[in-house]
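Asks: For reference, the sequence and a predicted model appear below.
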Amino acid sequence: MSIFPVLLVLLSACELSYAGIVPDEAMPLSKEQIVELLGSQRTSPLIWKKVRGFDCSFYYGSSSNGADMVVIYLGGFPGFQFDSSLPTVDGKLGMYSVKWQKKVKPDHTLRFETVFSLHSDYWKAYVFIQASQETDITRLIEEVSKLVMFNHMPEPVGAP
């Protein structure tokens, strides 16, 4: 079996994710995965899906009408680079201080993006939030800030 088709699918998923398109491989989260993501029995106004890559995971959250979107990449090599020509906004995402890069797309949709370390030299989080109004961006940042992954230290990996 050739590894080429597998790599092609993973690369396609990564490129689609950065473009804000949820790939077909994204599976709705089970009840157990929802509890793991949200913590306890808390509900979310977003519909969550997940794609597991070779060395990363993507979470996709979208409003029921599809107008608002959140993409979270967890892994070692996010492809995002800050563009110094775009404005930035300091903020918080759970327990992390972040710098959001603000983009206004041609259709006037707002997109806030950030990348930061998850207390490790390897693990990074790339988050983008997209909505039509800044009040919706603020609401989505507040929602994402409640996620377990941004409020607890990551679990150790490997043998002690």
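Replies: Nice, thanks for sending it over. Just so you know, these numbers come straight off a predicted model, no measurement behind them.

Asks: so where do the strands sit in this protein?
Replies: Remark: strands assigned in the chain by DSSP state E are 27-28, 47-52, 56-62, 69-75, 88-93, 96-104, 110-117, 124-131.

Asks: partners of Phe116 in the sheet?
Replies: Ala125 (DSSP bridges).

Asks: Isn't it up against Val98?
Replies: Yes. Counting by CB atoms under 8 Å, Val98 is a contact partner of Phe116 at 5.3 Å. Where C-beta positions appear, they are placed from N, C-alpha and C, glycine not excepted.

Asks: where does this protein dip in pLDDT?
Replies: Within the chain, the segments meeting pLDDT under 70 span 1-24, 154-160.

Asks: let's go with 80 and repeat that
Replies: Applying pLDDT under 80 to the chain picks out residues 1-28, 40-42, 54-55, 77, 119-122, 153-160.

Asks: what residue is smack in the middle of it?
Replies: Central residue of the chain (CA atoms, centre = their mean): Ile72, 0.9 Å from the mean position.

Asks: List the residues that contact that residue.
Replies: Residues near Ile72 by CB atoms under 8 Å, 6 or more residues apart in numbering: 58-61, 125-127, 144, 147, 149.

Asks: follow-up on the earlier one: more neighbours: which of Phe116 and Val98?
Replies: A count of neighbours by other CB atoms under 10 Å puts Val98 above the other of Phe116 and Val98, at 22 against 16.

Asks: tell me the contacts of that one?
Replies: Residues near Val98 by CB under 8 Å, 6+ apart: 90-92, 114, 116, 127.

Asks: Can I get those in TSV including distance to Gly66?
Replies: Formatted as TSV, the contacts of Val98 follow (distance: CB to CB, whole Å):
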residue	distance to Gly66
Asp90	29
Gly91	25
Lys92	27
Thr114	22
Phe116	27
Val127	19
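
Asks: and which of the residues you listed is nearest Gly53?
Replies: Of all the contacts of Val98, Gly53 sits closest to Val127, with 16.1 Å by CB to CB.
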